[in-house]
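Colleague: Following is a predicted model, sequence given first.
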Amino acid sequence: MTITRMTAAILLATVFCAARLSADDPAELTRRGVQLSTEKKFDDAAKQFDRAIEIQDQASAKTYHNKGWVRELKGDFPGALKNYEEAIRRNPKQLPSYERSGYLYYKTADYDKAVAAGEYVIKADPNNAEVIKWLPEAYKMKLLKQQEELLAKQREEERKRKEEEERRRAEEKKKAEKKDEEKAPSRVLYATWDFTLRSAYYFDGGDFKYVTTSGIPVSLPNMLYVSFMPTPSWEFDLLAGTPHLGALMPGVVAYTERFQVMYHMDKWFLGVGVLGSHYKDDFNYGKELTLHDIKVGAVLGFSDEKSTTKITAYPRYLPQDTSHSSGRTLDVGFMEFSYRYDVDKYLGYYSRISAADYYFFDHRNRVSNYYGVYELSLGLVLGKYDEATKQKFLTFTIDITERFYMLDLVNDEPYRFANGQGLFGADSRTWFKGDAFPGYFTNGHVFSVKAEEKINRYFFIYRIILFASRQFKHSLPL
C-alpha cells in the first residue's frame with residue numbers, strides 16, 4: 001500500500017513536470033495562441049505568443065553572450081560588444097552580458113556607457129566582484145572626459161565668439177567704407193598732359209620730316225586735362241593747350257581752353273561750360289593777327305555701371321559773330337557725342353562723333369573763310385585700368401578714325417544760313433542741283449595704338465602711335 005502510494009506520487013510528479021514543460025514549450029505556446037485566436041480570445045492569444053517569444057529570446061540571449069565571450073577572448077572587442085548588446089536586447093535581465101559589455105566599454109574609453117552598465121550590475125548584484133575592479137576608474141575617466149569636453153566646448157564657443165566679433169567688425173568697417181565712398185568721390189583728382197610729335201613723309205623729297213605746329217606758348221601740340229571731384233555730386237574739368245586737328249588742318253587755333261562744371265544726379269549728369277579759342281597766324285589775311293572767341297555750352301550725360309553716354313555742345317549760333325560786328329573776328333562751334341561700354345573689367349569699346357567749325361570773318365569786306373574738321377572714331381580697350389578696384393593697369397587701345405576736312409574761302413554770303421560753311425558744308429542753293437555739300441574738301445584715315453601703363457598708385461604714362469593717310473575727293477579753288 002505504501003509502495004503504491006509512493007508510485008502514485010512519483011507518477012503524479014512526472015505528469016506535473018511534463019505538463020509544466022509542455023506549457024513552457026514555445027511550440028506549444030504558439031499552438032495555444034492560434035487556438036485562442038480562432039476562439040476570438042485575442043488578448044489571451046497575444047500573451048501566449050509573447051511568452052513564446054520571451055522563452056526563445058532568453059535562450060538565444062545566452063547564445064549571443066557566448067559568441068561575445070569568444071570574440072572577447074580573440075581580442076575582437078567591437079565584435080564582442082556587438083554580441084553582448086544583442087544578448088541584452090533579447091534578455092535585459094541577463095547580468096553577465098552587462099558585466100562584460102561594461103568592461104569592454106571601459107577598455108575602449110566609452111566611459112559613459114561603461115558607468116551605465118556597471119551601475120546596472122551593482123544595483124542588481126551589490127556583491128559583484130568583477131565590476132568593482134574597473135567601475136571606480138571608469139567614474140574617474142568619465143569625469144576627466146567631461147571636463148575635456150567642457151573645455152573643448154568653451155574653446156569652441158570662444159572661437160565662434162571671436163569669429164563673430166571679427167565678422168561684425170568687418171561688416172561695420174565695410175559699411176563705414178561704403179558710407180565714406182558715398183560721401184566722398186571715388187576719384188578726387190584725375191589729370192593727364194599729352195604731347196604730340198609729328199613726322200610726315202613728303203613725296204617730293206622722298207624722306208620723313210618733322211612737322212611744326214603754331215601754338216601758344218610753344219609750337220608743339222599739347223593738351224592738359226584736369227578733372228576735380230570734391231564731392232560725388234560736383235565735377236570740375238579743364239581742357240587746355242594747343243590741339244592737333246589733323247595733318248590737313250591749318251593752325252586755325254593756336255591755343256584753346258575749356259572749363260566745365262557738371263552736377264551728377266544718380267545716373268544722369270548735367271553741366272555748363274565756357275570754350276575759349278585763340279588764333280595767331282597769317283594765312284587768313286596776309287598778315288599775322290591775334291583773334292579770340294568765347295563760347296558758352298552745355299553737357300548732358302548718362303552713366304551706369306557698364307556704360308557712359310555724353311553729349312557736349314558749344315554751338316556757334318549762341319552767341320555768334322553777325323553783320324553788326326566790325327573788323328575781323330573768329331567764330332568757333334564744337335559738338336561731340338561719345339559712348340563707352342565696358343564689357344567687363346578687361347574689355348571695353350567706345351565710339352565718338354565730333355564736329356568742329358572755324359569761321360574767320362572780315363566784316364569790312366563782308367566775306368568769310370571756313371575750316372571744318374569732322375571725326376568719327378571707333379575704339380577697343382583691352383586690359384583697361386579699373387580705378388575703383390585697382391585692377392590690371394596695362395592697357396591697349398586700338399582706335400580707327402575717319403576724319404573729314406572742309407574748306408570754303410572768301411564766301412560772299414557770310415551771314416546766310418546753310419551758305420556752304422559748316423553743317424558738313426551744306427549749301428541750300430545747291431541742295432536741289434545734286435551738289436548738297438559743295439564745301440567738302442577731302443578726308444583722311446587715322447589708325448592709332450595706345451599703350452597705357454601704371455607707374456605707381458597716383459601716376460601713369462601712355463604712348464600713342466598714329467598712322468594717318470588722306471584721300472582727295474573734291475578740291476575747292478583757293
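Modeller: Okay, I see it.

Colleague: quick one, strands of the stretch 201-350 of the chain?
Modeller: Along the stretch 201-350 of the chain, counting by DSSP state E, counting those that start in this stretch, strands occupy 207-210, 222-228, 234-242, 255-265, 268-281, 289-303, 307-314, 328-344, 347-362.

Colleague: so which of these gets nearest residue 381?
Modeller: Ranking the strands of the stretch 201-350 of the chain by their distance to residue 381 (criterion: C-beta to C-beta) puts strand 347-362 first, at 4.2 Å. (Each C-beta comes from the backbone N, C-alpha and C, glycine too.)

Colleague: quick one: the closest one to strand 307-314, angle?
Modeller: Angle between the axes of strand 347-362 and strand 307-314 is 0 degrees (criterion: axes from the mean of the first three to the mean of the last three C-alpha atoms, to 10 degrees).

Colleague: Strand 347-362 pairs with which strands, parallel or anti?
Modeller: Each strand paired with strand 347-362, and its direction, by DSSP bridges: strand 328-344 (antiparallel), strand 367-382 (antiparallel).

Colleague: Turn the ones you listed into a markdown table, columns for mean neighbour count and distance to residue 318.
Modeller: Compiled in a markdown table, those are given as follows (neighbours: other C-beta atoms under 10 Å; distance: least, C-beta to C-beta, whole Å):
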| stretch | mean neighbour count | distance to residue 318 |
| --- | --- | --- |
| strand 328-344 | 17 | 10 |
| strand 367-382 | 19 | 18 |
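
Colleague: tell me the secondary structure for residue 113?
Modeller: Three-state call for residue 113 (DSSP: H, G, I helix; E, B strand; the rest coil): helix.

Colleague: Which element, helix or strand, includes the closest residue to it other than its chain neighbours?
Modeller: Nearest non-adjacent residue to residue 113, counting by C-beta to C-beta, 6 or more residues apart in numbering: residue 105, 4.3 Å away. Following DSSP states H and E, one finds residue 105 within helix 95-107.

Colleague: For that helix, enumerate the helices and strands it packs against.
Modeller: Contacting helix 95-107 under the criterion 3 or more C-beta pairs under 8 Å, 6 or more residues apart in numbering; DSSP states H and E are the following elements: helix 42-74, helix 77-90, helix 111-124, helix 131-183.

Colleague: and that helix, how far from the chain's centre?
Modeller: 61 Å (C-alpha atoms, centre = their mean, to the nearest Å).

Colleague: Dump the strands of the stretch 201-350 of the chain to CSV, plus mean pLDDT.
Modeller: Listed next are the strands of the stretch 201-350 of the chain as CSV, based on pLDDT from 0 to 100:
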stretch, mean pLDDT
strand 207-210, 69
strand 222-228, 93
strand 234-242, 95
strand 255-265, 95
strand 268-281, 95
strand 289-303, 95
strand 307-314, 96
strand 328-344, 93
strand 347-362, 94
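
Colleague: Output these in a markdown table, with distance to residue 82 appended to each entry.
Modeller: Formatted as a markdown table, these follow (distance: least, C-beta to C-beta, whole Å):
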| stretch | distance to residue 82 |
| --- | --- |
| strand 207-210 | 96 |
| strand 222-228 | 79 |
| strand 234-242 | 79 |
| strand 255-265 | 75 |
| strand 268-281 | 76 |
| strand 289-303 | 72 |
| strand 307-314 | 70 |
| strand 328-344 | 61 |
| strand 347-362 | 65 |
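
Colleague: which stretch among those strands comes nearest residue 437?
Modeller: Closest approach to residue 437 among those (C-beta to C-beta): strand 347-362, 13.4 Å.

Colleague: how about low-confidence regions in the stretch 351-478 of the chain?
Modeller: Within the stretch 351-478 of the chain, the stretches with pLDDT under 70 are 384-393, 438-440, 456-458, 466, 468-478.

Colleague: Going by residue numbers, what spans are strands in it?
Modeller: Taking DSSP E, counting those that start in this stretch as the test, the strands found in the stretch 351-478 of the chain are 367-382, 395-411, 440-454, 460-472.

Colleague: JSON lines please, covering those and showing distance to residue 88.
Modeller: Formatted as JSON lines, those follow (distance: least, C-beta to C-beta, whole Å):
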{"stretch": "strand 367-382", "distance to residue 88": "76"}
{"stretch": "strand 395-411", "distance to residue 88": "77"}
{"stretch": "strand 440-454", "distance to residue 88": "76"}
{"stretch": "strand 460-472", "distance to residue 88": "80"}
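
Colleague: of all these, which lies closest to residue 194?
Modeller: Smallest distance to residue 194 across those (C-beta to C-beta): 7.5 Å, for strand 460-472.

Colleague: Quick one, which of the strands of the stretch 201-350 of the chain gets closest to residue 416.
Modeller: Set against residue 416 and scored by C-beta to C-beta, the strands of the stretch 201-350 of the chain come closest in strand 347-362, at 12.6 Å.

Colleague: Residue 409 and residue 94, how far apart?
Modeller: 123 Å (C-beta to C-beta, to the nearest Å).

Colleague: more crowded one of these two?
Modeller: Neighbour count, other C-beta atoms under 10 Å: between residue 409 and residue 94, residue 94 has more, with 18 against 15.

Colleague: okay but the more buried one is in contact with residue 65, surely?
Modeller: Yes. Counting by C-beta atoms under 8 Å, residue 94 does reach residue 65; the two are 6.5 Å apart.

Colleague: Return every residue with contacts to both of those two.
Modeller: Shared contacts of residue 94 and residue 65, defined by C-beta atoms under 8 Å, 6 or more residues apart in numbering, are found at residue 87.

Colleague: where does the stretch 51-200 of the chain have low pLDDT?
Modeller: For the stretch 51-200 of the chain, applying pLDDT under 70 flags the ranges 51-57, 59, 179-187, 200.

Colleague: Could you export the helices and strands packed on helix 95-107 as CSV, including mean neighbour count and distance to residue 243?
Modeller: Listed next are those as CSV, based on neighbours: other C-beta under 10 Å; distance: least, C-beta to C-beta, whole Å:
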stretch, mean neighbour count, distance to residue 243
helix 42-74, 16, 97
helix 77-90, 19, 89
helix 111-124, 18, 88
helix 131-183, 12, 35
